[in-house]
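S.K.: Structure here, sequence nowhere to be found:
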């Protein structure tokens, strides 16, 4: 039976983007349906892999770096190399593109030594890798806790405001993770809606300690909630990676403008041969062409664009993607 998403599903997805841990009763009240209906709809979306609420870690809050890697390899080796990258705990998404001869992935390192080991030791020794291009993320224009689903406007402003949790104040300062923190974050990465009681059992902490530590990690910007969506299943089409070059003078303005496009799921300034990266989601190749020749073409500071439609997603998780 073909999976079909309807307007209530879209409204539920938008609600989860606003607050991934919102109770089904709170969501049901705003959406005007029963708790049971929301629970059933979420279970259905979750079971087919259309959506997953996840707790994501920002490595920059831990003194680390987000890297985008482009790995070129022989066609016969692309899939096994991609699968090997997907098994690594430091990769958050892995995709095949460029006819299946190139892999793109996001890696999160917690410190400078991890970055050095990743780039100079582990990847070049992977069998049949022909080249690696690395881009570290300097600034995110759209992504992290922002999600493309919010741009679809399934909920109106009043409904969104009723679901939006109170903002978490920012507390600057270094973040040190212990074993309990890592167990907590691993559980949330698997399911961001894991109950406090379950998290207490995983960490060995009390429920009060779990709540307090989650709040502290969010205040330090080390932890944020996101929803991992299969865009094809929810009917939004193909995902295309855009690698662009912009003069430094216009990078901030161009990145901010790009982030407003309804097609953009993620946008960031990076190091490397190109300095502006984005993920665009379009219904099909015709819509991708329209997007490139209208919205992107209207940004005069972009001097170079390389497009890479994703042909297979080997691992998916939170942004960046």
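M.R.: All right, it came through fine. These numbers come from a predicted model, not from an experiment.
S.K.: Could you list the low-pLDDT ranges of the chain?
M.R.: In the predicted model, the chain carries pLDDT under 70 at residues 1-3, 111-127, 317-321.
S.K.: Okay, strands next: where are they in the stretch 151-300 of the chain?
M.R.: Taking DSSP state E, counting those that start in this stretch, the strands of the stretch 151-300 of the chain run over residues 223-229, 238-246, 264-270, 276-282.
S.K.: Present those as CSV; the columns should include distance to residue 106 and mean neighbour count.
M.R.: Heads up, the C-betas are built off the backbone N, CA and C, glycines and all. CSV is the format used below for the strands of the stretch 151-300 of the chain (distance: least, C-beta to C-beta, whole Å; neighbours: other C-beta atoms under 10 Å):
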stretch, distance to residue 106, mean neighbour count
strand 223-229, 13, 23
strand 238-246, 11, 21
strand 264-270, 10, 24
strand 276-282, 10, 24
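S.K.: Can you lay out the ones you listed as TSV showing distance to residue 69?
M.R.: Shown next, in TSV, are the strands of the stretch 151-300 of the chain (distance: least, C-beta to C-beta, whole Å):
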stretch	distance to residue 69
strand 223-229	20
strand 238-246	12
strand 264-270	11
strand 276-282	12
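S.K.: Now do the helices in the protein.
M.R.: 7-18, 24-31, 35-47, 75-86, 112-117, 157-163, 179-190, 196-203, 207-219, 251-259, 285-291 (DSSP state H).
S.K.: buried set for the third one?
M.R.: The reference is to helix 35-47. Across helix 35-47, burial judged by 16 or more other C-beta atoms under 10 Å covers 37, 38, 41, 42, 45.
S.K.: Could you export those as CSV, including distance to residue 153?
M.R.: Shown next, in CSV, are the buried residues of helix 35-47 (distance: C-beta to C-beta, whole Å):
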residue, distance to residue 153
37, 22
38, 20
41, 19
42, 20
45, 19
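S.K.: wait, which of those is closest to residue 160?
M.R.: Nearest to residue 160, judged by C-beta to C-beta, of the buried residues of helix 35-47 is residue 38 at 16.2 Å.
S.K.: Give me the distance between that closest one and residue 15.
M.R.: Separation of residue 38 from residue 15 (C-beta to C-beta, to the nearest Å): 8 Å.
S.K.: Identify the contacts common to these two.
M.R.: 27, 31 (C-beta atoms under 8 Å, 6 or more residues apart in numbering).
S.K.: Count the residues that sit near the nearest residue to residue 70 once chain neighbours are set aside.
M.R.: Distances taken as C-beta to C-beta, 6 or more residues apart in numbering place residue 133 nearest to residue 70, at 4.3 Å, with adjacent residues excluded. Neighbour count for residue 133, taken as other C-beta atoms under 10 Å: 15.
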